[in-house]
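> Build me a model from this:
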Amino acid sequence: MSLNQGESRAGTPDGPAGVPASAATPALDAAAPTRHARARALARGFATPATAALAASLWLLGLHPVLPAQMGSLGLIAQLSPVQLASYPILVAAMVAEVAAARPRPRLLAAFTALGVLLVYGLQPASEQAARMSVAWTHAGFAQYIAVHGHVLNGFDARFSWPGFFSLIAFIARASGRTDTTGLLRWAPMVLAGLGTLGMRALATQVLGTGRAAWIATWLFLFAEWTEQDYFSPQAVTYVLMLAGLAVTLRYLVRSKGDSPWTRTAAQAIVVVIALALAPSHQLTPFVFGGLLLIMLFTRRLCAPWLPWLVLAPAVLWFGLGATDFWQGHLNTIFGGIGNVSSSVHQGIGARFVGDAGRTFLLGLRVGLTAAMGLLALTGWGVLRRRGTRPWTLPLLAAAPFTLVALQSYGGEIFLRCYLFALPFAAILAAVAVDALIGTGHALAGGSGGVVPPGKHGSRLRPRGALLRRAMPLAAAFAILTGLGLATVTARGGNDAYTSISRADVAAMDYTYLHATPGQSIAALLSDVPLSYRNVGSVTQRFFDSCPEMTDMARCVLDAPPDYLLITPSQDNHGRIYYGLRPGWTNQVVRRLLASGRYRQVFDEAGSRVLARQPRAGVPVPAGS
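Numbering: from 1, shown residues only. Down below sits the predicted model:
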């Protein structure tokens, strides 16, 4: 190497590495925008995960214990801190920003969805002391009975006529070496809702593809499931199984698919196995599942014409042969409501609009949520029609569950069930509308699962406009999802002033189980206590909800005196909110019972009290009293 070459490499007078100065400057100028672009891309890449992490941090920071006695007629929402409430719109902002990006990241969206499940469905388990919903505790008692005795208790409760769920829990309990399943109750809603959301995602991808619209459908489902039917129950488990069966059907058993005959046979076998599990587990879900498959068959989307009948057959056989203990002597109750729509509407809607202003507001909010999802679904259907498709299958699947109103009132809960069964398909249609609003692309790209036939002209990506033009639809989508999410959180916790349960309530109930002997009775004024999770069948356990005069509950107790009476703050809230009784009305009942000399107080912890019946003269004191 010559000296001249060395001087040139030293950069005098030329640029670095022998490059002339006049040539080096443009190269540096070209590299600068590249570095800036990479920095901006890196910032965008971290923005949505950081926003979601902020939402999780705020939710945890604002989390605090809430007792039933602290809640009013608006329920849990009034007890949440502003910091915790802020976590919901912040999480929605992260989700909308990610889903509207040029290249959404599926793993991040999955993580955001899991976080959404925690924030919505984990709120009550995390902030309340014990599992809510007294019926969930009763279900644990049924499972314990089967685990201990190895069979159902005939003639005791209609739910024992469909023992599949209880038998499964009993099997798990015995396999774990314990019969007490109450430890499963508290977090069951979040687990079951999470599985339902996973099932919704699987269903949405078969109709909408794996892209943005399917994620939007999943979030609409997550943010609009206000019915609280995901507690520890046969309904919640069979609903998840039904979603799984529908997802398998749409993936492998529709006419537009080209899977091998063996694959289709295997898929049919899976659906039939699910149907066999549904039949002895719930009285309604298997018939809804079969009915949805019939709609796919009649709209010529299903390639296995015998499949709906194979799904319905086990349900019919179980009802006729396995549930005889239920329907014998009750046929008029079961079939008497067929065609009586006005009675179902009254029991499902009209009779429920009772209580104070807070409760009435919450009932109106639930109706509004249902109407909002219906409006979004209709809009999505209109979008598909404008794109040249004739998607009759989806709207029929979304509307069909509401025909149950003409068949049964289902104890006044029929509209809850109708909405729950319709929600997956309504969410898919609604996602088409929100996807069109955002302008992210063809909602059915890569999907349709054969349920929605391809359109004549398809759909094109909207051209990217100015920042403001792009921000407006994103803000609208953000507002829709945030509104649904906050409304659902409010609606789900609206009854918690009287459906939530404290540790003191459980301690009071444990006291009665410790002291009550077989043949004795335990009662509560209203059905807001963890009753029947032990001693099912050996100790009579009931409520006084049917007392003809709510203002004279003490008289009802004295007329049919239980051996033990449980009184809790939740019952006081229930009477105040639902029946218009004065605050502290349970204290008056206690004073009257104690003044009668027929009862004495044997337990008191944080307002949860147990009264024991005093023996009459000449009658020996029962063991444990």
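
> can you pull out the helices in the stretch 151-300 of the chain?
164-175, 188-208, 212-224, 234-252, 261-278, 285-298 (DSSP state H, counting those that start in this stretch).

> okay, and for this structure, where does confidence drop off?
Within the chain, the ranges that satisfy pLDDT under 70 run 1-33, 35-44, 256, 258, 327-353, 390, 407-412, 440-468, 616-625.

> which stretches of it form strands?
Under the criterion DSSP state E, the chain contains strands at 521-524, 540-543, 564-567, 599-605, 608-613.

> quick one, which of the ones you listed is nearest to Arg470?
Nearest to Arg470, of all the strands of the chain, is strand 608-613, at 55.7 Å by Cβ to Cβ. For every residue, glycine as well, the C-beta is placed using N, CA and C.

> strand partners of that closest one, parallel vs antiparallel please.
With DSSP bridges as the test, strand 608-613 is paired with strand 564-567 (antiparallel), strand 599-605 (antiparallel).

> gap between Gly584 and Ser260?
For Gly584, the distance to Ser260 equals 70 Å [Cβ to Cβ, to the nearest Å].

> what's the burial count for Val611?
Actually, residue 611 is Leu. It isn't Val. Per other Cβ atoms under 10 Å, the neighbour tally for Leu611 reads 24.

> nope, Gly150 is what I was after
Gly150, neighbours per other Cβ under 10 Å, totals 10.

> i'd like the first residue to be 58 from this point on
Right, with 58 as the first residue, what we last looked at is Gly207.

> thought Ser290 was touching Trp194?
No: in this structure Ser290 lies outside contact range of Trp194 using Cβ atoms under 8 Å: 11.1 Å.

> Quick one: neighbours of the closest residue to Ala580 other than its chain neighbours, just the number.
Spatial nearest neighbour of Ala580, excluding adjacent residues (Cβ to Cβ, 6 or more residues apart in numbering): Pro619 at 3.6 Å. Neighbourhood size, Pro619 [other Cβ under 10 Å]: 22.

> same thing with Arg443?
12.

> Which one of the strands paired with strand 665-670 lies nearest to Ala171?
Here strand 656-662 is closest among these (Cβ to Cβ), at 36.9 Å.

> For that closest one, list every residue counted as buried.
656, 660 (16 or more other Cβ atoms under 10 Å).

> and it, C-alpha only, in CSV?
This file holds the C-alpha atoms of strand 656-662, laid out as CSV (Å, rounded to 0.1, in the frame of the first residue of the first chain):
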residue,chain,number,x,y,z
TYR,A,656,-85.1,-18.3,68.9
ARG,A,657,-81.8,-17.4,70.3
GLN,A,658,-78.7,-15.9,68.5
VAL,A,659,-75.8,-18.4,68.4
PHE,A,660,-73.5,-16.8,65.8
ASP,A,661,-72.6,-13.3,64.8
GLU,A,662,-69.7,-12.2,62.6
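
> Mind listing residues that contact that strand?
With contact meaning Cβ atoms under 8 Å, 6 or more residues apart in numbering, strand 656-662 is reached by 561, 564-565, 568-569, 572, 618, 622, 647, 650-651, 666-671.

> and these, which are buried?
Judged by 16+ other Cβ under 10 Å, buried ones among those: 561, 565, 568-569, 572, 618, 622, 647, 650, 666-671.

> Show me where the stretch 508-657 of the chain has its helices.
Going by DSSP H, counting those that start in this stretch, the stretch 508-657 of the chain shows helices at 524-549, 553-556, 560-572, 610-616, 626-635, 642-652.

> got those as TSV, with distance to Met190 columns?
Converted to TSV, those look like this (distance: least, Cβ to Cβ, whole Å):
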stretch	distance to Met190
helix 524-549	11
helix 553-556	6
helix 560-572	12
helix 610-616	22
helix 626-635	11
helix 642-652	20
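
> Tell me which of the ones you listed sits most buried.
A comparison of these by mean neighbour count, using mean count of other Cβ atoms under 10 Å, puts helix 553-556 on top with a mean of 27.
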